[in-house]
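Asks: Provide a 3D model corresponding to the input given below.
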Amino acid sequence: MNSVKATFLVLLAAFFAGCGGAGGNSPSQPTVTISPSSVTLYASQTQQFQASVSGISSQSVTWSASAGSITSGGLYTAPASGSGDTVTALSFLPLHK
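Replies: Below is the predicted model:
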């Protein structure tokens, strides 16, 4: 059996042209929630993951898996052998000028 742990990472990228550091509005803290957060699968079984993004307008994420494979839509396939994997959903803040 493979134990799969879902994690998230939000990469923050912002560019403020002419910003002198004198205050201003700070961007809200975005969060990504992955569901389910943990599953146990047999070799080569599949699991549909979903990601919910809050704090930014974009709901898109980029999926990755350290041992198995995952589609751009979040459909994960466990590796044929091994004991664990980590699935990650990345969300990017748009660049602002």
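
Asks: from here on, contacts and neighbour counts on C-alpha atoms
Replies: Fine.

Asks: element containing the nearest residue to residue 67 once chain neighbours are set aside, please.
Replies: Closest residue to residue 67 apart from its sequence neighbours, by C-alpha to C-alpha, 6 or more residues apart in numbering: residue 85 at 5.5 Å. Take DSSP states H and E as the rule and residue 85 turns out to sit in strand 84-92.

Asks: elements contacting that strand?
Replies: strand 2-11, strand 31-35, strand 62-65 (3 or more C-alpha pairs under 8 Å, 6 or more residues apart in numbering; DSSP states H and E).

Asks: Comparing these, which yields the minimum mean pLDDT?
Replies: Ranked by mean pLDDT, the helices and strands packed on strand 84-92 end with strand 2-11 at the bottom, a mean of 50.

Asks: How many neighbouring residues does residue 58 have?
Replies: By other C-alpha atoms under 10 Å, 12 other residues sit near residue 58.

Asks: so how far is residue 68 from it?
Replies: For residue 58, the distance to residue 68 (C-alpha to C-alpha, to the nearest Å) stands at 26 Å.
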